[in-house]
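Engineer: sequence and predicted structure are below.
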Amino acid sequence: MQAALASAPEVVLHIGSTAWLSYLAVSALASASPGPAVLLAVTNATLYGPRRALIGICGNICALFTLAMVSAAGLGAVILASDALFFAVKICGALYLAYLGLRLWRSADAGLPTGAMPRASSRRRLFVQAWWVGMSNPKALAFFSALFPQFIDPAAPLLPQCLLLALTSMCTSAIFLTGFALLADRSRRWMSAGRAQRVFRRASGATFIGLGALLASASR
């Protein structure tokens, strides 16, 4: 990866500066779109603060890197081409989002004070949770599988180009998710009221469950 970063200007020349800027714009639009990752960043920032939210954001962008490499290896196309594999990924993702939603809904009745974390291993849990949320959406896999071939020069080394595109998506996602988290952090004073926090936990939980249901009914 360090070699790819060191030769980033040369890689951009292979892809083409105009093509890379187009990919950057598409990636930024995708990162700004509401979805499970945005909801999780907002929920973590509101309940636990921006520092804890950043841990989850790191988990999410690591998931993006994982999906990008899976797509670059051609496995993404295999999964998308197989009805059974796509269905399995979709259902697993939907069930995980529903699980997160149920946990949030139930935590509203647990009497947790603002800033309290679910368990002792909170930092690790937040990272892993966000990683699974990122991995749970087959649409992200479709995004990379569809776009990478459009922006990669097959006559040039593939790995540096794939790494550059993956890092571009990771950076845009990190910027937008951090922005959403910082905006959500401003509501923490209002969330100090126990009733407001319960309402927020239930609303976030219901939204996660709804996103899970939408994912389960989604088609390619």
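Structural biologist: On my side now, so go ahead.
Engineer: pretty sure residue 200 contacts residue 46?
Structural biologist: Yes. Counting by C-beta atoms under 8 Å, residue 200 does reach residue 46; the two are 6.3 Å apart. From N, CA and C alone the C-beta is placed, and that goes for glycine too.
Engineer: these two: who's more crowded?
Structural biologist: residue 46 (25 against 21; other C-beta atoms under 10 Å).
Engineer: let me see the confidence value for that one.
Structural biologist: Looking at residue 46, its pLDDT reads 85.
Engineer: repeat for residue 81
Structural biologist: Note for residue 81: predicted pLDDT of 69.
Engineer: repeat for residue 169
Structural biologist: Note on residue 169: pLDDT of 92.
Engineer: same check, this time on residue 164
Structural biologist: For residue 164, the predicted pLDDT is 90.
Engineer: who does the helix or strand hosting it touch, helix- and strand-wise?
Structural biologist: Assessed by DSSP states H and E, residue 164 sits inside helix 158-185. Contact partners of helix 158-185 among helices and strands, from 3 or more C-beta pairs under 8 Å, 6 or more residues apart in numbering; DSSP states H and E: helix 2-6, helix 8-15, helix 17-32, helix 36-48, helix 50-72, helix 138-151.
Engineer: now that helix against helix 50-72, angle please.
Structural biologist: Here helix 158-185 runs at an angle of 150 degrees relative to helix 50-72 (axes from the mean of the first three to the mean of the last three C-alpha atoms, to 10 degrees).
Engineer: helix 158-185: which residues count as buried?
Structural biologist: By 16 or more other C-beta atoms under 10 Å, the buried positions in helix 158-185 come out as 160-174, 176-178, 180-181, 184-185.
Engineer: who are the contact partners of residue 174?
Structural biologist: Contact analysis of residue 174 by C-beta atoms under 8 Å, 6 or more residues apart in numbering lists 57, 61.
Engineer: quick check: the gap between it and residue 103.
Structural biologist: Using C-beta to C-beta, to the nearest Å, residue 174 is found at 25 Å from residue 103.
Engineer: rewinding a little: would you mind saying which of the helices and strands packed on helix 158-185 lies nearest residue 196?
Structural biologist: Among the helices and strands packed on helix 158-185, the nearest to residue 196 by C-beta to C-beta is helix 36-48 (10.0 Å).
Engineer: for that closest one, packing partners?
Structural biologist: Looks like helix 36-48 contacts helix 50-72, helix 83-107, helix 122-135, helix 158-185, helix 188-191, helix 194-217 (3+ C-beta pairs under 8 Å, 6+ apart).
Engineer: try it again at 6 Å.
Structural biologist: Applying 3 or more C-beta pairs under 6 Å, 6 or more residues apart in numbering; DSSP states H and E, we find helix 36-48 packed against helix 50-72, helix 122-135, helix 158-185, helix 194-217.
Engineer: which stretch among these comes nearest residue 84?
Structural biologist: Among these, helix 194-217 comes nearest to residue 84, with 15.3 Å by C-beta to C-beta.
Engineer: mean confidence for the closest one?
Structural biologist: 79.
Engineer: tell me which element the residue lying farthest from the centre of the chain is part of?
Structural biologist: Distance from the centre of the chain peaks at residue 155, with 31.1 Å (C-alpha atoms, centre = their mean). Applying DSSP H and E as the criterion places residue 155 outside every helix and strand.
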